[in-house]
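Student: quick one, fold the following:
(3 chains)
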Amino acid sequence: MKQISVRQCGVLIVMCIFANKILLMPSLMYEQAKADSIFVLIVLFLLDLLLLPIFIKLKTTYPDKKLYDVLKDKLGVIITKIIYILMLLFFFFKCLLVFSITYVYFKQQIYQNEFIFIAFISFLPVINHAVVTGVRAFSRTIEMFYGIVLAGFIACLVISLFTPISNPVFFTSNGKMFFESLYNHVFSFGDFIFLFLIMDKIQIKKGQEKHLYTYSIIGMLLVITLFYLFYAKYQVTSFMHNNALADLLVFSVQFNAIGRLDIIAMITIMLITLFQMEIFNYAFCDCFLNIFPLLSKTYSVVVFDIIFAVLYYIFIGKYEIMVSSTMFWLPYLAIFINYILPIILLIIILLKRRRKHEKKTNKSNV
Amino acid sequence: MSYFDTNKKIKELKKALNESVDFAYRYYKKDGQTIAFVFLKSIIDANLFSSAVYYPLQTFEQKITIENLQNDILKCLDIKLIKEKDIIKEILDGKLIILTNFSKEIISVDLLKFPARIPSEPPTSPVIQGPREGFVEDLQTNVTLIRRRLKTENLVFEVLRVGSQTQTKVCITYIKGIANKKLVKEVTKKIKEIEIDGILDSYYVLSFLEERPNSLFKQIGNQEKPDIIVAKMLEGKVAIIVDNSPIVLTVPFIFIEDLQNSNDYYTNHIYSSFVRIIRIFGLLVATIAPGFYLALQIYHYNILPLNFLITIADTTQGLPFTPFLEILFIFLLFQILYEVSLRLPSYLGLATSVVGALILGDTGVKAGLISPPGVIIVALSKIALYTIPEQASQVTVLQLIFIILGGSLGLVGIVSGMVYIINYLNNFDSYGTPYLAPYSPRIPQDLKDAILVKPIKDFRYRPKSFSPQKKERL
Amino acid sequence: MKKRPIKVMFKMPMVIVFIFILIFFTPLAIYSPGENRNRGVVTAIGIDKADEQYEISLLTFIPTANQTYKEQNAVISGKGQSVAEAIYNAQIAMGRTIGLAHAKTTVVNEELLNEDVSVVVNYLSRVASLPENTVFVCTNKTAKEMLESSQELTSHLGLKLEQVIGYNAKHLYVTDTSLEAFYKGYYSKTKASLIGYLTLEEATEQEKEKSSVSGMNESSQGGGQSEAQGGGQGGNSGEKKHILNQGQAVLLKDGKKVALLSIEELNGINLLNTKSKDQIISIDNVEHNGNKLSMQYKIKNKKTLITTEFENGYPIYVAQLILGVELVEVSGMDDSLKINTEFSEVTEEVARKIEEEIKKQYTASIKILRENNADVIGVTKKFFIEHRKEFTKFVEQLDGIDDFLNYVTFKLNTIVQPD
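Tutor: Residues are numbered from 1 along each chain as shown, chains lettered A, B, ... in the order given. Take a look at the predicted model:
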């Protein structure tokens, strides 16, 4: 059984938490809720964090079962497959969103000329290879790079302190803006859903559950700090800066002599993007293989690549469509996957526990 | 009654060995008893023969029987009774064969001796402080070198014969109770399965042990020093000694082993940690520096600091080559010089380095063929290769791959390539051991002897990654 | 067993990818001369208005093998109806794609500031490759002349334009004078921002001769201000010009120039800024042993405590200033008083005089800000954060948020200590 350790699982969580949130989202959120976006972020994170106990309960109730089997037993094959198709779409669009946001960053900041084929040829094969080798291999890879990613991320945050910053002005938005922003960005969250998919592949020994909380809180705190520093640095012009992590690195005039240190942000962003795409691609393929159990992993990867490339080709240059669609119709999908599905799972767990309890009481009565 | 027509038998044997020049036989006749000695004089210790075999025989006064031959006359020597069909094999192994006309038993006496090197410091792994002994080509000496360091009854030497023609002895060595049984079984099985006509060096065995034969990466450890081999066996590894080769193999192999130099354990651990960080950095520089430089030049002028950009732009102005060709040209130039200096006799080595460094490098720059930054970058990466000399061959190939990736795809290509390689390495386990342990997966217990080294007194447990039977060192 | 081709292919997919790269990308890479040879790397941008058109001047770095720095820079200009068009024309004139990633300075002509300057720099803010921290300054002559002079500056003093401005930013404005800083002010509620100002002066006859003889300029002993200068071929006229750094700054309201602040006025604004140190304060007529002395004190240490409150519905801005000062120069002493350690402690009189001087500067600066409704020190923001309810209520009664500054009562308490 090729299983992953709790640490590797935690590292995957951190990568999921970074997804979509470190480049475009801060400026996108600022347009709506101004600096109060941080509270939007915190609320969404807290909602996400509620999924973790559900996951741990599910894992303890069904230690070696796959999510698919759990759902199939309780809800029947057809409903399970529908849920899986929705999840497949969810992860696919997450992957596409991550790619498009990073693509725009790379095109603007790194490659001044045509870049799309370079991006495809360097990202997709690597991601596909990781997916084919399986969750154990790529989670080890991410574990290996985790230190580098974290160091890069923190370096970006620390360097931003060298520029004049002042507290962002909070409580300037009204409730409507707040909730709109909450709704619009819900698609970028739901970071723990991936764990449900690979629940049979995670090895959690007793007492190790708390590490999962530690890792998620580390990831969330880093993102919140990023938001805070970004708003503190750019204040009213936050909406102009689309690449939060990279823009944090831009020096003040005093530091100009050093030259551009963007390279730290670039490599960090590249690594994070690659790992996020690996995770989402894996989730896609896992869903795909559960929907079509007869096909091999290789097919799922090929299908992913083809749909990805075609959709991307349609969306290219219209990345606003991409982003706006995540704000308007994808939230429905996200709300279902992020919040309704876990509630269903919670009910399943509770029912199972009650049945166990009943059995026990019956036995004792006899 | 005569059991053997010794004359006839000797003739037969001579024919069987194709009348080899070193085939020799002697007779000892007394009271109608004939004793014949058959051997290959090239690999027999002649002194020992006359003093320990012939002389006692001459001075023996009773009637010679096969029993007192065994028990009295040749009692000091390593003797055994063999079957008739094994005679040829024994002769080829450097044994003295004793045939008699009064017994059907055949005695084989070990008198093997051939010119051998004495253990000296191996040129591949010199130490500043520490033992200077190295393995030699002779299996027996190598066994001695290991035995001398491990005075335990659990030390096992298992000898197998490999190679249909060469019949080379391959010795599997491990410490019983420490080495994982499964591992020993698997190694033994793999060596038994080898089908080849000749084993000339341990590298022949190595290629059969590899789990991914088509991989660029090193999967089996090879060492030339007995102290290192013993240290590895104590960690729970299995060593494979091949006769006629001074290189001893160890399995399982993980990447971090090449980072560990025997010097590290014989000096201060803080210094060792520092040196290991330098090595890792050197490896990184060696692998990606030329590709990275190329990526910056071709795609990312905006990342370079302005002053550096100006220097590069100035020096590359007016070069006949494009950046890619320039780096490729310098790379090949260095590689050619390296090959030449390796093959040439040492007295010519100086000449090549003068020609290479001064004439080609300096004049190349002055003539406007290559740019100084290009030369610096490639030279740096080529020198950095030798921070970990064991990995030099594969990193050289990686350099070329990263030059192509960096030149063709830019920074994204390099990062993707790195991730791919790490992922590839993570996907294979060398005999059940994660290749990049203890970093991925992270094994906290093994981190004591990874990039940062702790003092030796802290090594209380054997590395978990090799899953030894006995986990504690004491 | 016959293997399906797709399976065989996926046994070594990475080799196939690598071969794909070798076939389709490597040839391109082999023929590519590289970005750094293709691009004209722009180190400074100048924007002028000429005949209802924009004129863009680009200080461009032209790589030349084994040449000195001086000859590598060229100012290339282009005209057009818009900034984008002008840059496009300049690009055609240069014959290279321009790379703005290293543009560290943007100079605009003073005339442009008469209209909303954000329209002018809109193009620059949209160019993603241009770093947001590019220095943004204004000059009295044309930006083109400025760039041409700065080119000379570089070669002689080893100073770069952005270093001069960097010094100003650090010691005088105490804020960035970058495009980003401009936008930050422009998009804030009060729409006021501050950008640097460098004067370009024509060289005197004497200096002209000097430079024509020696072919090289020497820095002249200027006034009290830090003065970096260099002569250069001024565009068409061939006149020598100096960049004169007088530490001035332009106050912008709604992107338009409203006032030119002198260094003293800047000091007044910076009084409350703890990062701004080393200001010199002169006081006259200090009694000492019957002598009237004139003294210069340097602010070595500064602590500020700012409190805001609404009293009777009116905003009050109270600043508590604790200064650590050091005597740096004394004049008017007789020979017996050459040792100035006697003055190391701050007497009551000196403290009072310094306080007066500071109050004078402060009031003058506040007056300028009030006149122009340009709140660059963040008074409005502070009231907004600390007393939001009263602030919003108060602003509702006014014509607009700009008026707010006029109703604020400023109070300054100073404590002067020896450092």
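
Student: and A:N128, how many neighbours?
Tutor: A:N128 sits with 25 neighbouring residues when counted by other CB atoms under 10 Å in any protein chain shown. (Glycine included, C-beta is placed from N, CA and C.)

Student: sorry, that was for A:F187
Tutor: By other CB under 10 Å, 25 other residues sit near A:F187.

Student: could you do B:D458 as well?
Tutor: Neighbours of B:D458 under the rule other CB under 10 Å: 11.

Student: please, which helix or strand holds the closest residue to A:M220 other than its chain neighbours?
Tutor: Leaving aside its sequence neighbours, A:M220 sits nearest to A:F45 (CB to CB, 6 or more residues apart in numbering or on different chains; 4.7 Å). According to DSSP states H and E, A:F45 maps onto helix A:37-49.

Student: which residues does that helix contact?
Tutor: Helix A:37-49 has contacts (CB atoms under 8 Å, 6 or more residues apart in numbering or on different chains) with A:21, A:26, A:29-30, A:33, A:168, A:170, A:178, A:181-182, A:185-186, A:189-192, A:213, A:216-217, A:220, A:223-224, A:227-228, A:231, A:338-339.

Student: what does stretch B:357-375 give?
Tutor: Residues contacting stretch B:357-375 (CB under 8 Å, 6+ apart): B:293, B:311-312, B:315-316, B:318-321, B:323, B:326-327, B:329-330, B:333, B:337, B:379, C:65.

Student: rerun that using 10 Å as the cut-off
Tutor: Residues outside stretch B:357-375 that contact it (CB atoms under 10 Å, 6 or more residues apart in numbering or on different chains): B:290, B:293-294, B:297, B:308, B:311-312, B:314-321, B:323, B:326-327, B:329-331, B:333-334, B:336-337, B:352, B:354-355, B:377-379, C:65-66.

Student: just the buried ones among these, please.
Tutor: Among these, the ones that count as buried by 16 or more other CB atoms under 10 Å in any protein chain shown are B:290, B:293-294, B:297, B:311-312, B:314-317, B:319, B:321, B:323, B:326-327, B:329-331, B:333-334, B:337, B:352, B:377-379.

Student: the helix or strand containing C:H242 close to chain A?
Tutor: Assigned by DSSP H and E, C:H242 belongs to strand C:241-253. No. Between strand C:241-253 and chain A, judged by CB under 10 Å from any CB of the partner chain, nothing touches; the nearest distance is 13.4 Å.

Student: could you check how far the residue nearest to B:P468 when sequence neighbours are not counted is from B:V397?
Tutor: Nearest residue to B:P468, sequence neighbours excluded (CB to CB, 6+ apart): B:G236, at 2.9 Å. Distance of B:G236 to B:V397, given as CB to CB, to the nearest Å: 31 Å.

Student: re earlier: now, of the contacts of helix A:37-49, which are buried?
Tutor: Buried members of the contacts of helix A:37-49, counted by 16+ other CB under 10 Å: A:21, A:26, A:29-30, A:33, A:168, A:178, A:181-182, A:185-186, A:189-192, A:216, A:220, A:223, A:227-228, A:231, A:338-339.

Student: what about the longest helix along chain A, distance to the chain center?
Tutor: The longest helix of chain A (DSSP state H) is helix A:77-109. Chain-centre distance of helix A:77-109: 10 Å, with CA atoms, centre = their mean, to the nearest Å.

Student: name the residues of it that are buried.
Tutor: Of all the residues in helix A:77-109, those buried under the rule 16+ other CB under 10 Å are A:80-81, A:83-84, A:86-88, A:90-109.

Student: cool, stretch C:30-42 as well?
Tutor: By 16+ other CB under 10 Å, the buried positions in stretch C:30-42 come out as C:S32, C:G34, C:E35, C:N36, C:R37, C:R39, C:G40, C:V41, C:V42.

Student: can I get the residues you listed in a markdown table including pLDDT, secondary structure and distance to chain B?
Tutor: Shown next, in a markdown table, are the buried residues of stretch C:30-42 (pLDDT from 0 to 100; DSSP: H, G, I helix; E, B strand; the rest coil; distance: CB to the nearest CB, whole Å):
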| residue | pLDDT | secondary structure | distance to chain B |
| --- | --- | --- | --- |
| C:S32 | 83 | coil | 5 |
| C:G34 | 79 | coil | 5 |
| C:E35 | 77 | helix | 4 |
| C:N36 | 74 | helix | 4 |
| C:R37 | 75 | helix | 7 |
| C:R39 | 81 | strand | 6 |
| C:G40 | 83 | strand | 10 |
| C:V41 | 84 | strand | 7 |
| C:V42 | 86 | strand | 11 |
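
Student: farthest-separated two in the residues you listed?
Tutor: Between any two of those, the greatest separation by CB to CB is 20.9 Å, found for C:S32 and C:V42.

Student: that older thread, state the mean pLDDT of the helix holding A:F45.
Tutor: For helix A:37-49, mean pLDDT is 92.

Student: would you agree B:Q223 is in contact with B:N261?
Tutor: No. Assessed by CB atoms under 10 Å, B:Q223 is found out of contact with B:N261, at 11.1 Å.

Student: list the contacts of the residue most central in space within chain B.
Tutor: For chain B, B:I247 is the residue whose C-alpha lies nearest the centre (CA atoms, centre = their mean; 3.0 Å). Counting by CB under 10 Å, 6+ apart, B:I247 touches B:122, B:124, B:134-135, B:137, B:201-203, B:205-206, B:222-224, B:240-241.

Student: so where's chain A shaky on pLDDT?
Tutor: A:1, A:112-114, A:251-260, A:316-322, A:325-326, A:364-366 (pLDDT under 70).

Student: revised request: answer the last question for the stretch 1-150 of chain B.
Tutor: Under the criterion pLDDT under 70, the flagged ranges of the stretch 1-150 of chain B are B:1-4.

Student: where does pLDDT dip in the stretch 51-200 of chain C?
Tutor: By pLDDT under 70, the low-scoring segments of the stretch 51-200 of chain C are C:65-71, C:152-162, C:170-176.

Student: hmm, back to that, tell me the first helix or strand C-terminal of the helix holding A:F45.
Tutor: Following helix A:37-49 in sequence order, the next helix or strand is helix A:51-61 (DSSP H and E).

Student: and that following helix, how far out from the chain middle?
Tutor: Offset of helix A:51-61 from its chain centre (CA atoms, centre = their mean): 19 Å.

Student: that helix: which residues count as buried?
Tutor: Buried residues in helix A:51-61, counted by 16+ other CB under 10 Å: A:L51, A:L52, A:I54, A:F55, A:I56, A:K57, A:L58, A:K59, A:T61.

Student: which among those residues gets closest to chain B?
Tutor: A:K59 (19.5 Å; CB to the nearest CB).

Student: A:M199 is in contact with the closest one, correct?
Tutor: Yes. Using CB under 10 Å as the test, A:K59 is close enough to A:M199 to be in contact (5.6 Å).

Student: need the overlap of contacts for these two.
Tutor: With CB under 10 Å, 6+ apart, A:K59 and A:M199 have common neighbours A:K65.

Student: what about the strands in chain B?
Tutor: B:23-30, B:33-40, B:79-82, B:95-100, B:106-110, B:155-162, B:168-175, B:221-223, B:238-242, B:248-251, B:429-430, B:433-434 (DSSP state E).

Student: so which of those strands comes closest to chain C?
Tutor: Ranking those by proximity to chain C (CB to the nearest CB) places strand B:429-430 first, at 18.9 Å.

Student: tell me which strands that closest one pairs with, and in which orientation.
Tutor: In the sheet, strand B:429-430 lines up against strand B:433-434 (antiparallel) (DSSP bridges).
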